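A.B. asks: Could you look at this predicted model? Sequence included:
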Amino acid sequence: MLVAVIKKILPVMLSLTALAFTPNTVNAESAPSLEELKRLAIDLRREIQETEDKLANLDKNSLSIYLNIDNIPKKYLQDIEIKLGDQTISKLTFDDKEYDSLSKGAMKKIFSASVQPGEHTIVASLNNEAKADFHTSQSMILTKSKGRDILKITLSSLLRDPKPGIFFDHETVAQ
Amino acid sequence: MKHKTLSRFMCKAALLAASLFPAATIALEDVSQDIDYSKVENTILGHALYTRLHNSPEASMGILINADKHNMFGKDKALALIFLGDQLNEQGLKNDALNAYYSAIQSAKKDKTGDHARLHYARVKHELGQHELAHKVVNEIDDDNLSKAQKTEYGIIKAHALLRESKIEEAIDELPSIRNSTLWALYQRYNFGSELLGTYNNKNGASILHDLSKVDDDNNPEILALKDQSNLVLGFSLLKINKSKKARGYFQQVRLNASMSSMALLGMGWSYAIDENYEKALVYWLELQSRSLSGPYGYESSLAIPYAFGRANAYQQSISFYKAALNRFETDIAAMDAAKPAIKSGLFINMLSQSPDDETAWVSTWELNADSPEKMFLPLFMDNPEFQRHLQEYRELLMLREKVARMYSEVTDLEVRSGGTLSQLRQKHKLLTNAVDYATKLKQPILQRIALNILDSYQSELNSYLQQTRLGMAQAIEKASMAFEPE
């Protein structure tokens, strides 16, 4: 009798993990499938972003600034300030979550706006005076194109010095 | 005592354990370990990574899809498409994920990133049960381009494909060592071992599950659950061939506070029953009964306990427990009748709708509020795979509804800024809101109908139990009158 019990129970148990990998299927009569709805939601989200960019003229005459960090000890990072000409356009304080994600290759968009074509001075200042008595600043002359421009600011240490340096990488996106 | 009904409840108990088993999707953490994004140069991909880590996957996917449309990934294109595919797969959109991986393969050609894309593509094909195609794709991979963990997954996909072709020895030879296994690889190893054991009756399956039961990782709840499950399968497999002592060795490894411990208690009881040590069997079955008043385990132990007392010649106790079982079955049949109107009302759906983003929140709600009749029978519903599947989809629909509702203010804001020129976007949002609402509402009567069918089925089962209990009690009374029973 017990053999009969086990014969019944084993196949069910053996298939438990297989169940966890069974693809989603929706049987709701005549309703759009869950997959279709998820796909539509992603598409709507995409369209909202695209519209936002268009309304801010970001698809044309824009400058977007992204920040990433490359192999820098956390102790050097407290906050960073970005100036466009005399105006502070972004200020960021690094918390643990920010540091972790930026260390993994993620890049934070810290500024995005319509900017007139021509030359502009960009200054990035990094400091951690409170903990590491550290401050560094770097500037560049950015020649803004008539189209979309992307500026990547990378905070990175060189082999000869663990203290971070600030590096700019300017790119004009062809329209 | 008839065991037919016991076996049925044991099967149900296994499915209840499955209902608490976490769904295996590729979490971002796994993806990050698999692919190194730290050297990403493209700002759009970097921004999509940031958005995923700090915001919603939909926003991240939106960025990636838009950027791909405008060909903005440069030399990071293949990497970006792998990341998009991983997120689509995480959402359950497997075919869309496959398309993204395929584009990544086309874009990367024959290099390291291309081979990573091939592996991800093969993993999804494998999950979809398309083992031949998965095998074909992994055969194109140069395994020198893979990390140790990726090589393990690569080997497992190959081994599964060979097993499906019934090339058992080759499949076993191909199975990589358990070292460097990702969680995904451990799940697949379990599937491989259990298929060998269950379908092919091959002893190597037991050895594979034994290795899994010994994995040294006490911090990951999914690995702990997989270890419990391996121990249970091994225990019941040994019971099947009457190796009760060895079976106990595995049942005892199941964590006492885990969801599958009730199965282990059942197994322990059965292992002693095989040895005709009914006193010991009762220790485990009484413990089991003390845990669960209603539901498969409770019903199972309600019948097993008086049976074991009878076999131990303790007829008065047997009679007493048969009476308790009669009372329980009659009470529950009536309670099921009382629960039906509540299930037909919105109360039931409201309870299932609790915190849809938290898979186990409803369990706490249910445990804290066991006063409503339909709540009492949730374990019976949750042991039904059809109910589980529809409940999961219902929860996902509720989460989707919240996400779409949050987009309302964004669409409104854009509409104001555009001076009212975005009627098409507004219309799209409205249509999606209506479609999600419709699908959610359609799901509610389906869940109610399944729940009512489950109760009908259990009522019928319990009526049959009542007959068995009365018969068992009559036999116990007869034996009690014939035998002297020491106190």
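C.D. replies: Great, that's in hand.

A.B. asks: So which elements touch the longest helix seen in chain B?
C.D. replies: The single longest helix within chain B, with elements called by DSSP state H, is helix B:423-482. The contact analysis (3 or more C-beta pairs under 8 Å, 6 or more residues apart in numbering or on different chains; DSSP states H and E) places helix B:423-482 against helix A:34-55, helix B:4-19, helix B:296-311, helix B:315-344, helix B:346-352, helix B:378-382, helix B:385-417. Glycine gets a C-beta too; all of them are placed from N, C-alpha and C.

A.B. asks: Do I have it right that A:Leu44 meets B:Thr433?
C.D. replies: No - counting by C-beta atoms under 8 Å, A:Leu44 stays clear of B:Thr433, with 9.9 Å between them.

A.B. asks: any residues in contact with both of these two?
C.D. replies: Counting by C-beta atoms under 8 Å, 6 or more residues apart in numbering or on different chains, the contacts common to A:Leu44 and B:Thr433 are B:Val404.

A.B. asks: Which residue of these two possesses the greater neighbour count?
C.D. replies: Taking other C-beta atoms under 10 Å in any protein chain shown, A:Leu44 and B:Thr433 do not tie; A:Leu44 has more neighbours (23 against 16).

A.B. asks: how deep is B:Leu186 tucked in, by neighbour count?
C.D. replies: By other C-beta under 10 Å, the residues close to B:Leu186 number 24.

A.B. asks: How many residues are close by the residue in chain A positioned nearest to chain B?
C.D. replies: Closest residue of chain A to chain B, C-beta to the nearest C-beta: A:Met107 (2.8 Å). A:Met107 is flanked by 27 other residues according to other C-beta under 10 Å.

A.B. asks: is it true that it touches B:His47?
C.D. replies: Yes - using C-beta under 8 Å, A:Met107 is in contact with B:His47, at 5.3 Å.

A.B. asks: Give me the three-state assignment for A:Glu119.
C.D. replies: For A:Glu119, the assignment made with DSSP: H, G, I helix; E, B strand; the rest coil gives strand.

A.B. asks: Surely it and A:Thr143 touch.
C.D. replies: Yes - counting by C-beta under 8 Å, A:Glu119 does reach A:Thr143; the two are 5.5 Å apart.

A.B. asks: Look at the two and report which has more neighbours.
C.D. replies: Set A:Glu119 next to A:Thr143 and count neighbours by other C-beta under 10 Å: A:Thr143 wins out with 12 against 8.

A.B. asks: So which residue is dead centre in chain A?
C.D. replies: Relative to the mean C-alpha position of chain A, the nearest C-alpha, by C-alpha atoms, centre = their mean, is the one of A:Met107, at 3.9 Å.

A.B. asks: Would you map the helices across chain A?
C.D. replies: A:2-14, A:16-20, A:34-55, A:96-103, A:129-132.

A.B. asks: Any idea which of these has the lowest pLDDT on average?
C.D. replies: Among those, helix A:16-20 has the lowest mean pLDDT, at a mean of 34.

A.B. asks: Show me the shaky parts of chain B.
C.D. replies: B:1-33, B:292-297, B:359-373, B:484-487 (pLDDT under 70).

A.B. asks: Which residue does it have closest to chain A?
C.D. replies: In chain B, no residue comes nearer to chain A than B:Gly46, which is 2.8 Å away by C-beta to the nearest C-beta.

A.B. asks: Pretty sure that residue sits against A:Ala106.
C.D. replies: Yes - between B:Gly46 and A:Ala106 there is a contact under C-beta under 8 Å: 5.8 Å.

A.B. asks: overlap in contacts of those two?
C.D. replies: A:Asn68.

A.B. asks: quick one: least confident helix or strand in chain A?
C.D. replies: The least trusted helix or strand in chain A, going by mean pLDDT, DSSP states H and E, turns out to be helix A:16-20, with a mean of 34.

A.B. asks: tell me the contacts of A:Met140?
C.D. replies: A:121-122, A:168, A:170.

A.B. asks: Can you tell me the closest non-neighbouring residue to B:Phe321?
C.D. replies: In this structure, B:Phe321 finds its nearest non-sequential neighbour in B:Pro306, 3.8 Å apart by C-beta to C-beta, 6 or more residues apart in numbering or on different chains.

A.B. asks: show me what contacts the one you found?
C.D. replies: Taking C-beta under 8 Å, 6+ apart as the definition, contacts of B:Pro306 comprise B:317-322, B:325, B:469, B:472-473, B:476.

A.B. asks: Looking at these, state which has the most neighbours.
C.D. replies: B:Phe321 (29 neighbours).

A.B. asks: mind listing what's buried in stretch B:69-84?
C.D. replies: Neighbour-count burial for stretch B:69-84, counted by 16 or more other C-beta atoms under 10 Å in any protein chain shown, picks out B:72-73, B:76-84.

A.B. asks: Repeat that for stretch B:306-315.
C.D. replies: For stretch B:306-315, using 16+ other C-beta under 10 Å, the buried residues are B:306-312, B:314-315.

A.B. asks: So which of the contacts of A:Met140 belong to strands?
C.D. replies: A:121-122, A:168, A:170 (DSSP state E).

A.B. asks: hang on, the earlier thing: and chain A, which of the buried residues of stretch B:69-84 contact it?
C.D. replies: Restricting the buried residues of stretch B:69-84 to those touching chain A (C-beta under 8 Å from any C-beta of the partner chain) yields B:Met72.

A.B. asks: so which of the helices and strands packed on helix B:423-482 gets nearest B:Lys214?
C.D. replies: Closest approach to B:Lys214 among the helices and strands packed on helix B:423-482 (C-beta to C-beta): helix B:4-19, 20.3 Å.

A.B. asks: can you tell me which helix or strand B:Arg123 belongs to?
C.D. replies: Using DSSP states H and E, B:Arg123 sits within helix B:112-127.

A.B. asks: touching chain A at all, the next helix-or-strand element following that helix?
C.D. replies: Following helix B:112-127 in sequence order, the next helix or strand is helix B:131-138 (DSSP H and E). No - against chain A, helix B:131-138 shows no contacts by C-beta under 8 Å from any C-beta, the least distance being 12.5 Å.

A.B. asks: just checking, what packs against helix B:131-138?
C.D. replies: Of the remaining helices and strands, those touching helix B:131-138 by 3+ C-beta pairs under 8 Å, 6+ apart are helix B:112-127, helix B:148-164.

A.B. asks: export these to CSV and tack on mean neighbour count?
C.D. replies: Formatted as CSV, the helices and strands packed on helix B:131-138 follow (neighbours: other C-beta atoms under 10 Å in any protein chain shown):
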stretch, mean neighbour count
helix B:112-127, 24
helix B:148-164, 21
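
A.B. asks: TSV for those helices, including distance to chain A?
C.D. replies: Listed next are these as TSV, based on distance: least, C-beta to the nearest C-beta, whole Å:
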stretch	distance to chain A
helix B:112-127	5
helix B:148-164	11
